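Asks: I'll drop the sequence and a predicted model, then ask my questions.
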Amino acid sequence: MTTRIGPDLFDAAIEATRRGVEMVVARTGLAPVDAYLLLSLVGDLHVSEVVDAPNWVVSLHIPTRIL
């Protein structure tokens with residue numbers, strides 16, 4: 001799982017996804033574009049928290065069986 005916190009929901013989602021791609025690349029050796037495609041199929045992006053205004057917490061969940 002990767003998590004990003006920020007005042008902009010979309011930026012936090014983008015950063016969580018970027019970190020997820022980096023993690024998949026590091027653990028599997030896939031090319032970044034292939035890791036991105038894999039995450040588009042198995043990744044689960046969540047808005048985890050909205051109580052700490054103005055910050056959004058966004059998490060990208062990746063099944064461990066994939067890594």
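Replies: Nice, thanks for sending it over.

Asks: where's the residue of the chain most remote from its centre, which helix or strand?
Replies: Here the centre of the chain is the reference, and by CA atoms, centre = their mean the most remote residue is residue 53, at 20.8 Å. Residue 53 is part of no helix or strand, with elements assigned from DSSP states H and E.

Asks: Also the one 4 residues further on?
Replies: Element membership of residue 57 [criterion: DSSP H and E] is strand 56-61.

Asks: That strand - contacts with which helices or strands?
Replies: Applying 3 or more CB pairs under 8 Å, 6 or more residues apart in numbering; DSSP states H and E, we find strand 56-61 packed against strand 2-6, helix 9-28, strand 44-49. Glycine gets a C-beta too; all of them are placed from N, C-alpha and C.

Asks: pLDDT averaged over it, what's the number?
Replies: On average, the pLDDT along strand 56-61 is 95.

Asks: Stretch 25-33 too?
Replies: Stretch 25-33 comes out at a mean pLDDT of 96.

Asks: Same question for that stretch: list its buried residues.
Replies: Residues of stretch 25-33 classed as buried: residue 25 (neighbour count, 16 or more other CB atoms under 10 Å).

Asks: next one: the strand holding residue 57 to chain centre, how far?
Replies: When C-alpha coordinates are averaged (CA atoms, centre = their mean, to the nearest Å), strand 56-61 and its chain have centres 7 Å apart.

Asks: what's the angle between that strand and helix 9-28?
Replies: 30 degrees (axes from the mean of the first three to the mean of the last three CA atoms, to 10 degrees).
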